[in-house]
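1. build the 3D model from these lines:
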Amino acid sequence: MRKLIFLALCISISAFSFAQIKVEVMPDHTDWLYKIGEKVKLQVNITDNGKLVNNVSINYKIGAEQMTPTIDKTIVLEDGKTVIEAGTLDSCGFLRCKVTAELGSKQYVGLATCGFEPEKIKPITPMPRDFNSFWERNMKDAQKDPLNPQLKLLADRCTDKINVYSVCLPNKKNSSQEVYGVLSTPKAKGKYPAVLELPGAGVRSLSGNIKMAEKGLINFQIEIHGLPMELDSAVYRQFGYGAITSYWKSNLDDKNTYYYKYVLMRTARAVEFLSTLAEYDGVNLAVWGASQGGGLTLMTTALNTKVKCFVAMCPGLCDHYGFSVGRASGWPQFFSDKKQITKEKMETATYFDAVNFVKNIKVPGFIILGYNDVTVPPTTVYAAVNSAKFPLKVYVAKEAGHSLDRDSRIAADEWLLKQFNIK
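-> The predicted structure follows:
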């Protein structure tokens, strides 16, 4: 009896372990791109370990991204597959289909997001008349005080090829401009290109980017909140869930005290610090970031003439005004809550919209976006892309969400190394 129970348990665990449910949603155009007014058909397959699942209930919702779905239906697939008539868009943008399958007590989700002439998407956020003068003034303020860098070798993180340091750029007069980060540099004597790496949203400790340094680059990861690097990880979590939770909303009603103003003053000081390093080659300096860091990368590049190229992956903070014309808005979707819509906040947002910074960039860039990104909608990234007046490589990972695949990151690495003539 015990043997039978044990055998049944093993079979149960084995079935659970090897179950691989997939919800495949495949547009009838392989590039997922359509002309305005052209109708989309979607092939939906529900599979378990590659085999179609019979008699499965699915719900599918279709509509412009971030907008209320125009189609919302629940059906049962007798043979595990169907073709959905998804409709079209009558203007440029992206149409998203979300399919949810229920098997037992679990739900499985698949997405497909189709583009309609995205090259025609234009930003909605206006550019303030004093945009450039506002930022020129703040960049001058960021450089008023000496850097006085304080470096501490982190011996436990160093390798035989790379030195790793914690860095503090103090500012006794204004703590909002203090910068903390982790610097990774090749040990071999020589002159190297430098990369400032900006973080995604949240509050966290940093470990340094040894892999990038091993490619022959100086890497400087910074955090944007003015928090020292030696704190316990629990402390960062406490800040993230407490004192500086939803920091992106802090003082949004005043452009002169808004949180990201001080962030961009910090990134300017970080650029300046990199340019002073003895190991720096004096010419090649890039900014690199994803999500929030991608948006900040666009902004930092526009504000600092020492930056010669950039990589922005799934850049947030693009086209905050999209909502005003029934279109997706960039992360963090300031105005998705109508209670947040005030004249003062709307005005401040224009000074911190990456689409307005892109218009001032004059150096080469590499942007990655995923069509299935529900955090940073592709519509908002294209609003930035289509504002560019500089050499720009756009890498589309159409099936990717907010977590990019390995191929995307390899492409970004290769592009950056090529800019620096590193093989």
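
2. do me a favour and get the end-to-end distance for stretch 245-252?
-> Stretch 245-252 has an end-to-end distance of 14 Å (Cα to Cα, to the nearest Å).

3. oh sorry, the question was meant for stretch 227-242
-> 14 Å.

4. please begin residue numbering at 771 from this point
-> Yes, from this point I'll number from 771; that puts the last item at stretch 997-1012.

5. got the buried residues for it?
-> 997, 999, 1006, 1009-1010 (16 or more other Cβ atoms under 10 Å). Just so you know, the C-beta spots here come from the backbone N, C-alpha and C atoms, and that holds for glycine as well.

6. how far away is residue 953 from residue 1129?
-> 32 Å (Cβ to Cβ, to the nearest Å).

7. and these two? Which one has more around it.
-> residue 953 (27 against 16; other Cβ atoms under 10 Å).

8. partner strands of the helix or strand containing the more buried one, with direction?
-> In this assignment (DSSP states H and E), residue 953 forms part of strand 949-956. The sheet places strand 949-956 alongside strand 932-939 (antiparallel), strand 988-993 (antiparallel), with pairing taken from DSSP bridges.

9. now that strand, how far from the centre of its chain.
-> Taking Cα atoms, centre = their mean, to the nearest Å, one finds strand 949-956 lying 21 Å from the centre of the chain it belongs to.

10. residues contacting that strand, please?
-> 921, 924, 931-939, 962, 976-980, 982-984, 986-993, 996-999, 1036, 1039-1040, 1043, 1047, 1049 (Cβ atoms under 8 Å, 6 or more residues apart in numbering).

11. so for the buried residues of stretch 997-1012, which is the shakiest by pLDDT?
-> The member of the buried residues of stretch 997-1012 with the lowest pLDDT is residue 1010, and it reads 72.

12. wait, doesn't it sit right on residue 975?
-> No. With contact defined as Cβ atoms under 8 Å, residue 1010 does not reach residue 975; the gap is 11.0 Å.

13. can you list the residue ranges for helices in the stretch 1071-1193 of the chain?
-> Assigned by DSSP state H, counting those that start in this stretch, the helices in the stretch 1071-1193 of the chain fall at 1113-1121, 1124-1128, 1148-1155, 1176-1189.

14. out of these, which gets nearest to residue 814?
-> helix 1148-1155 (21.1 Å; Cβ to Cβ).

15. packing partners for the closest one?
-> strand 863-873, helix 1124-1128, strand 1135-1139 (3 or more Cβ pairs under 8 Å, 6 or more residues apart in numbering; DSSP states H and E).

16. most tightly surrounded among those?
-> helix 1124-1128 (a mean of 28; mean count of other Cβ atoms under 10 Å).

17. can you give me how far that one is from the chain middle?
-> 15 Å.

18. please apply the same query to stretch 1025-1035.
-> Taking mean C-alpha positions (Cα atoms, centre = their mean), stretch 1025-1035 and its chain are 20 Å apart.

19. and the contacts of that stretch?
-> By Cβ under 8 Å, 6+ apart, stretch 1025-1035 touches 904, 908-909, 911-912, 946-947, 994, 996, 1017-1022, 1066, 1069-1070, 1073, 1087, 1117-1118, 1121-1122.

20. any stretches of this protein with poor pLDDT?
-> Applying pLDDT under 70 to the chain flags residues 771-789.

21. and it, split by domain according to the record?
-> The chain breaks down by automatic domain parsing into domains covering 791-890, 901-1189.

22. quick check: the spatially most central residue of the chain vs residue 896, distance?
-> Nearest to the mean C-alpha position of the chain, by Cα atoms, centre = their mean, lies residue 1061 at 1.5 Å. Separation of residue 1061 from residue 896 (Cβ to Cβ): 24 Å.

23. just residue 1015 next, same as before
-> 30 Å.

24. go on, residue 916?
-> Distance of residue 916 to residue 896, computed by Cβ to Cβ: 37 Å.

25. cool, residue 1089 as well?
-> In terms of Cβ to Cβ, residue 1089 sits 11 Å off from residue 896.

26. neighbour-wise, which of the two wins?
-> The neighbour comparison of residue 1089 against residue 896 (other Cβ under 10 Å) goes to residue 1089, with 28 against 14.
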